[in-house]
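K.L.:
need the 3D shape of this:
(2 chains)
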Amino acid sequence: METAVFIVCAAIVLAGALGVVLSRNPVHAALSLVGTLFGMAVLFLNLEAHFLAAVQIIVYAGAIVVLFLFVIMLLGVDRLEDLSVEPITGQRTLAILVGLGTFVLAVAFLLSSSIGPSGPQILTLDITDQSTYSNLRQIADVLFTDYVYAFEATAALLTISVVGAVVMSRRIARADQAQEAAEDD
Amino acid sequence: MVTASWYLILAAGLFTIGAVGLLVRRNPLIMFMCVELMLNAVNLTFITFGRELNDIGGQVSVFFVLVVAAAEVVVGLAIVVAINRRRPQATADDLSALRG
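P.N.:
Sure thing, here's the model as predicted:
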């Protein structure tokens, strides 16, 4: 069962990722991104990360992609992009070479790491055994003890980013516009 | 039986697609989406290793990555909106105002 779920979700994830990279229309790219994120959430469920699967749907598919779509609609950049022109000569060949190198290196590095039953056991509690402690409670236990300062820092980070976004996207009234508005009154 | 290696290879493939997209595409919005793909690949790696090493810290790290990704998207899209107001339909190649 796990194998079947993995194969289906891996196909969805990779197809969505290719859709993001290859689609000419930004709206289609955003919708492909939803597919990838959804497949990823199901893979998280497969890996017994129940809380993060829910957060993945709510935050990524629900909030971030909607934000992308809002900006696409707001700016009216949903025109087709001509992908047949290569802006810099040899850019795509180089990019694919770099990509292949990245893939080979990542696979070699990941597979040579010591994982599996012989790896170090950090917790005595089995994180996939949810009969005594649910996944959410296990995360909360660690998040509010070991990582509590990092958690507080994320609150500051989110506040700063919201303030920064407001400052950057605020329309600054020019002096002449203000004068016109004053004359209209 | 699905082993951890399958998940890791999938994550590597997803990261590669995101990286190539980031290098090839010129629309700033698509480039952001490719960054999201790469972040998701890393998240999958975190959770896979967290399960293999029996450490819940992997999932906590993914939680922080999600928060940082949300903040990054907010600021990044604000920059895109601000640039588009001044120079409509600008691609990443046109934004060379800070070039020395």
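
K.L.:
who's in contact with the residue nearest the centre of chain A?
P.N.:
By Cα atoms, centre = their mean, the mean C-alpha position of chain A lies nearest to A:Tyr60, the distance being 6.1 Å. Residues counted as contacts of A:Tyr60 (Cβ atoms under 8 Å, 6 or more residues apart in numbering or on different chains) are A:37, A:41, B:36, B:40, B:66, B:69. C-beta: built from backbone N, CA, C; applies to glycine.

K.L.:
which element is residue 6 on?
P.N.:
I'll assume chain A. helix A:2-22 (DSSP states H and E).

K.L.:
looking at chain B here, not the other one
P.N.:
Here B:Trp6, judged by DSSP H and E, is contained in helix B:4-24.

K.L.:
packing partners of that helix?
P.N.:
If contacts are counted by 3 or more Cβ pairs under 8 Å, 6 or more residues apart in numbering or on different chains; DSSP states H and E, helix B:4-24 sits against helix A:2-22, helix A:26-46, helix A:91-112, helix B:28-52.

K.L.:
what's the span of stretch A:51-67, first residue to last?
P.N.:
22 Å (Cα to Cα, to the nearest Å).

K.L.:
centre of the chain versus that stretch, how much separation?
P.N.:
9 Å (Cα atoms, centre = their mean, to the nearest Å).

K.L.:
what about that stretch, average pLDDT?
P.N.:
Mean pLDDT, stretch A:51-67: 91.

K.L.:
the longest helix along chain B vs chain A: in contact?
P.N.:
If you go by DSSP state H, chain B has its longest helix at helix B:57-86. Yes: contact between helix B:57-86 and chain A, assessed by Cβ under 8 Å from any Cβ of the partner chain, occurs at B:57, B:59-60, B:62-64, B:66-75, B:77-82, B:84-85.

K.L.:
walk me through the domains of chain A.
P.N.:
Chain A breaks down by automatic domain parsing into domains covering A:1-82, A:147-185.

K.L.:
what's the nearest residue to A:His28 if we skip its chain neighbours?
P.N.:
A:Gly19 (6.8 Å; Cβ to Cβ, 6 or more residues apart in numbering or on different chains).

K.L.:
packing partners for the strand or helix carrying A:Phe151?
P.N.:
If you go by DSSP H and E, A:Phe151 is part of helix A:148-169. For helix A:148-169, the packing partners by 3+ Cβ pairs under 8 Å, 6+ apart come out as helix B:57-86.

K.L.:
centre of the chain to the helix it packs on, how far?
P.N.:
Using Cα atoms, centre = their mean, the offset of helix B:57-86 from its chain centre is 9 Å.

K.L.:
buried stuff in it?
P.N.:
Buried residues in helix B:57-86, counted by 16 or more other Cβ atoms under 10 Å in any protein chain shown: B:57-67, B:69-74, B:76-81, B:83-84.

K.L.:
output stretch A:161-173 as PDB, nothing but the C-alphas.
P.N.:
This file holds the C-alpha atoms of stretch A:161-173, laid out as PDB (Å, rounded to 0.1, in the frame of the first residue of the first chain):
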ATOM      1  CA  SER A 161       8.200  40.600   6.900                       C
ATOM      2  CA  VAL A 162       4.600  41.900   7.100                       C
ATOM      3  CA  VAL A 163       5.800  45.400   7.900                       C
ATOM      4  CA  GLY A 164       8.400  45.200   5.100                       C
ATOM      5  CA  ALA A 165       5.700  44.100   2.600                       C
ATOM      6  CA  VAL A 166       3.400  47.000   3.600                       C
ATOM      7  CA  VAL A 167       6.200  49.500   3.400                       C
ATOM      8  CA  MET A 168       7.300  48.300   0.000                       C
ATOM      9  CA  SER A 169       4.000  48.000  -1.700                       C
ATOM     10  CA  ARG A 170       2.500  51.200  -0.200                       C
ATOM     11  CA  ARG A 171       1.800  53.700  -3.000                       C
ATOM     12  CA  ILE A 172       3.800  56.800  -2.100                       C
ATOM     13  CA  ALA A 173       1.700  59.900  -2.900                       C
END
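
K.L.:
may I see the buried residues of it?
P.N.:
Buried residues in stretch A:161-173 (16+ other Cβ under 10 Å): A:161, A:165, A:168-169.

K.L.:
can these go into CSV with extra columns for pLDDT?
P.N.:
Formatted as CSV, those follow (pLDDT from 0 to 100):
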residue, pLDDT
A:Ser161, 94
A:Ala165, 90
A:Met168, 85
A:Ser169, 79
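
K.L.:
which member of these is positioned nearest A:Ile12?
P.N.:
Closest approach to A:Ile12 among the buried residues of stretch A:161-173 (Cβ to Cβ): A:Ser161, at 30.1 Å.
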